[in-house]
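Asks: Sequence plus predicted model, see below.
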Amino acid sequence: MDTKNIKQIVVIFALLTLAIACNKMHNHEPTFSNEESNQIDMHENNTIKNLSHDIFYENYDSINKLNTSELNEFQIIKVKKDTVLPIPNEKINIEAGSYIQNYSDPLIHIAAKLPDNTTIFIYWYKDFPSNNTNDSDELEDFISLSKQKKKNIQNILTISQEPGARIISYDYKKNGKQYNGHTRIQKKHNLFLSMELESNTLDQEDLKLSAIYFFVSNALK
């Protein structure tokens, strides 16, 4: 089922990419205004990015079956050795054999799929792009961002907290699957940063052990 899902994503992605390319090649007449054309291009590009992110909700084995061309289409690479990735004020370690994707878009900056099937999502903003005010705390901003990502997170529990930062657990459903998550979020000096660890195979207790180890090993300052 997972292989079928991921192949469907690949096919849809390829068709959208081809459609956008054909549209640009044959768009000789100014049917739309520049503003309308920009909005259409933005919508199409966001659709493609959302599809590429959806791959990280599939199992590791499914991603592992993608060929080199398909991985390149989604800007996904497999790291052959332990790899250090920079984030604001810190660096994170990604273990060998993981798949990573680095995007600078409104919803996510780094995605990684680990060999144990855990998914890592990392995002940060200097000025948080939501309707929240600068007085909102890090949890309110995290919930707001989750809604933008179409994640209806439930059962939020604060595990630990300090001024401007906390670790929380939560769960949600996506594409008929149940996902558990642990996230370390912080908001300091107008910088909002979140590291999410999620899994649809580990229960909350097992995921908590992996998450705490990851957060301690990659402590945010």
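Replies: Sure, I can see it.

Asks: Could you pull out the helices in the chain for me?
Replies: Taking DSSP state H, the helices of the chain run over residues 2-26, 34-54, 60-64, 68-73, 138-148, 204-217.

Asks: okay, now the closest residue to Asn218 other than its chain neighbours: neighbour count?
Replies: If the residues on either side of it in the chain are set aside, Asn218 comes closest to Ile92, at 4.4 Å by C-beta to C-beta, 6 or more residues apart in numbering. From N, CA and C alone the C-beta is placed, and that goes for glycine too. The number of residues packed near Ile92 is 18, by other C-beta atoms under 10 Å.

Asks: Report the separation between Ile92 and Gly181.
Replies: 17 Å (C-beta to C-beta, to the nearest Å).

Asks: What of Leu66?
Replies: 24 Å.

Asks: quick one: Tyr57 and Lys174 touch, right?
Replies: Yes. Checked against C-beta atoms under 8 Å, the pair Tyr57 and Lys174 is within contact range at 5.9 Å.

Asks: Which of these two has more residues huddled nearby?
Replies: Each of Tyr57 and Lys174 has its neighbours counted (other C-beta under 10 Å); Tyr57 has more, 20 against 15.

Asks: Now do the contacts for the more buried one.
Replies: Tyr57 is in contact with Thr119, Lys174, Asn175, Lys177, Tyr179, Asn200, counting by C-beta atoms under 8 Å, 6 or more residues apart in numbering.

Asks: Model confidence at it, what's the number?
Replies: Looking at Tyr57, its pLDDT is 88.

Asks: Asp137 now?
Replies: With respect to pLDDT, Asp137 scores 81.

Asks: Neighbours of Lys80, how many?
Replies: 9.

Asks: Going forward, the N-terminal residue is numbered 2.
Replies: With 2 as the first residue, the last one maps to Lys81.

Asks: Could you check the pLDDT of the residue nearest to it when sequence neighbours are not counted?
Replies: Using C-beta to C-beta, 6+ apart and skipping residues adjacent in sequence, the residue nearest Lys81 is Ala97, 6.2 Å away. At Ala97, the model reports a pLDDT of 96.

Asks: isn't Ala97 right next to Lys79, touching?
Replies: No. With contacts counted by C-beta under 8 Å, Ala97 stays clear of Lys79, the gap being 9.2 Å.

Asks: Mind checking which of these two has more residues around it?
Replies: Neighbours were tallied for Ala97 and for Lys79 using other C-beta under 10 Å; the higher tally belongs to Lys79 (15 against 11).

Asks: residues in contact with that one?
Replies: Counted by C-beta under 8 Å, 6+ apart, Lys79 has contacts Leu72, Gly98, Ser99, Tyr100.
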